[in-house]
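Engineer: Sequence first, predicted model second:
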Amino acid sequence: MSEHRPETDLRDFLRTRRARITPEQAGLAPHLGARRVPGLRREEVAQLAGVSVDYYVRLERGRCASVSASVLEAVARALQLDETERDHLFALAAATRGRPRAVSSQRARPGLLRALDNITDVPALLLGHRLDVLATNRLARALYVDFDALPSEERNMARYMFLTEAARELYVDWPETARENVGMLRLYASHHPQDPRLARLVGELSAADRDFRRWWAEHEVFLPRHGVKHYRHPLVGDLTLGFEAFTPMGDADQTLGLYTVEPGSPSEKALRRLAS
């Protein structure tokens, strides 16, 4: 694939969102008889959003040069989009109008590098465009892989997740985490649809892994905030780690991931063994 087509992505995103909602879930009267499409019809979305059917059809086809923010808000409510999906919708609509955000250069600030080095008890890492791994601390390299030792084009969390057998063995919940990676790439793609390196990455992963192809086609989006991950490390065994995700001020496309561990837990003891 050479580049993403915002019109196609917008169409497929809206189609997959309305396919998951039944008329009953949307507050419409139950439909009697067979339905030819899963979920909501276009005319039902238009009714819920308070726009004409023709207007909504044009929006779903990517012809939204004059669509207003209020209409996008109404469609988001009709499709019951969460905050991340709403942001994705607005970004896709903006991209169809030829105003994609420029892809800035990636660089880990010296202060962030020092902060990572100063975190010694838990893993920490900094991700940038396309889930590129910009920096890691010592424990993150021990937990995952030494990204610094890889060629620069291979320092990417999605590549590690889908193209490395060790990742499938490390994550107890690999399918869930892998799908989240795909959702993060989808969200990034709506803001940077003309990023050629993203296109190459998606093409490579799509050709190599059927799970990636299937999940990419589902158009789910994901923004990391916090949670818990379970690992089975080949050296220290089972680990349960919390994580917190932050966006560094001044670097909106970067994500700082900090892990946490319960004091006195077997996972804390395992991390100490890993650090040693």
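Structural biologist: Yep, it's here.
Engineer: where in this protein is pLDDT low?
Structural biologist: Where the chain drops to pLDDT under 70, the residues are 1-4, 31-34, 99-102, 104.
Engineer: Could you pull out the helices in it for me?
Structural biologist: Under the criterion DSSP state H, the chain contains helices at 6-19, 42-49, 53-60, 69-78, 83-96, 110-118, 138-143, 157-163, 165-170, 174-191, 196-208, 210-217, 266-275.
Engineer: Next, format those helices as JSON lines and append distance to P234.
Structural biologist: C-beta coordinates here come from the backbone N, C-alpha and C atoms, glycine included. As requested, the helices of the chain are exported to JSON lines (distance: least, CB to CB, whole Å):
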{"stretch": "helix 6-19", "distance to P234": "37"}
{"stretch": "helix 42-49", "distance to P234": "49"}
{"stretch": "helix 53-60", "distance to P234": "48"}
{"stretch": "helix 69-78", "distance to P234": "44"}
{"stretch": "helix 83-96", "distance to P234": "34"}
{"stretch": "helix 110-118", "distance to P234": "24"}
{"stretch": "helix 138-143", "distance to P234": "11"}
{"stretch": "helix 157-163", "distance to P234": "15"}
{"stretch": "helix 165-170", "distance to P234": "7"}
{"stretch": "helix 174-191", "distance to P234": "15"}
{"stretch": "helix 196-208", "distance to P234": "23"}
{"stretch": "helix 210-217", "distance to P234": "22"}
{"stretch": "helix 266-275", "distance to P234": "11"}
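Engineer: could you dump these to CSV with distance to H129 and mean neighbour count?
Structural biologist: Output for the helices of the chain, formatted as CSV (distance: least, CB to CB, whole Å; neighbours: other CB atoms under 10 Å):
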stretch, distance to H129, mean neighbour count
helix 6-19, 18, 19
helix 42-49, 33, 20
helix 53-60, 28, 18
helix 69-78, 25, 17
helix 83-96, 15, 20
helix 110-118, 15, 13
helix 138-143, 19, 19
helix 157-163, 11, 21
helix 165-170, 20, 14
helix 174-191, 7, 20
helix 196-208, 7, 16
helix 210-217, 17, 16
helix 266-275, 29, 16
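Engineer: quick one: which of the ones you listed is nearest A26?
Structural biologist: Ranking the helices of the chain by proximity to A26 (CB to CB) places helix 42-49 first, at 5.9 Å.
Engineer: Just give the nearest non-adjacent residue to V51, would you?
Structural biologist: Using CB to CB, 6 or more residues apart in numbering and skipping residues adjacent in sequence, the residue nearest V51 is V71, 6.1 Å away.
Engineer: Could you list which residues are in contact with the one you found?
Structural biologist: 49, 51, 55, 59 (CB atoms under 8 Å, 6 or more residues apart in numbering).
Engineer: Now do the same contact list for the residue nearest in space to the middle of the chain.
Structural biologist: Nearest residue to the geometric centre of the chain (CA atoms, centre = their mean): M184, 1.2 Å. Taking CB under 8 Å, 6+ apart, we find M184 in contact with 131, 158, 221-224.
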